[in-house]
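**Student:** only geometry, no sequence info:
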């Protein structure tokens, strides 16, 4: 399973969203859970500062069991999705470097090489008014 990312650009004043499907590498599920615990525990202040600096207003993560293992489903709201990915990729701040390293070790995804990801095609969208 390849990592994927979907960028939803909103023009109606609502935040745009980034959605990621990141497979967790085999035998890395427990390490992934420790990563989340550390990020929301001892590194929480740095995590929140990073998200504010990146312009992220909301982030949700689900863990999905699939036939081949587990996938982290990540949803991010931001006013500037292109800026988020660029700034995360280019940041030299300690938390952002640590976060990129964890994603590489746990998902096998190099966030500094995001431009090489295959694009996703939005097939369906509905929004009540």
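**Tutor:** Sure thing, it's come through. Given the structure is predicted, the values throughout are model-derived calculations rather than measurements.
**Student:** rest of the way, CA atoms for contacts and neighbours
**Tutor:** Fine.
**Student:** Please point out which parts of stretch 16-32 sit buried.
**Tutor:** 16, 17, 18, 19, 20, 21, 22, 23, 24, 25, 29, 32 (16 or more other CA atoms under 10 Å).
**Student:** and that stretch, what's its mean pLDDT?
**Tutor:** The predicted model assigns stretch 16-32 a mean pLDDT of 92.
**Student:** What's the end-to-end length of that stretch?
**Tutor:** One end of stretch 16-32 sits 27 Å from the other (CA to CA, to the nearest Å).
**Student:** And the helices in the protein, which stretches?
**Tutor:** Here the chain has its helices, by DSSP state H, at 29-40, 44-54, 81-90, 94-107.
**Student:** buried sites along stretch 75-95?
**Tutor:** 75, 76, 77, 78, 79, 80, 81, 84, 85, 88, 89, 95.
**Student:** My read is that the third one contacts residue 16, right?
**Tutor:** Yes - with contact defined as CA atoms under 8 Å, residue 77 counts as touching residue 16 (5.7 Å).
**Student:** ok so, going back, return the member of the buried residues of stretch 75-95 nearest to residue 39.
**Tutor:** residue 95 (9.3 Å; CA to CA).
**Student:** What sits closest to that closest one if chain neighbours are left out?
**Tutor:** Distance criterion CA to CA, 6 or more residues apart in numbering; nearest residue to residue 95, sequence neighbours excluded, is residue 46 at 6.1 Å.
**Student:** What confidence value was assigned to the one you found?
**Tutor:** 98.
**Student:** And for it, the neighbour number?
**Tutor:** 16 (other CA atoms under 10 Å).
**Student:** Show me which pair in the buried residues of stretch 75-95 is furthest apart.
**Tutor:** 79 and 95 (21.7 Å).
**Student:** beta partners for the residue nearest in space to the middle of the chain?
**Tutor:** Residue closest to the mean C-alpha point of the chain, counted by CA atoms, centre = their mean, is residue 74 at 5.1 Å. Taking DSSP bridges as the rule, residue 74 bridges to residue 20, residue 61.
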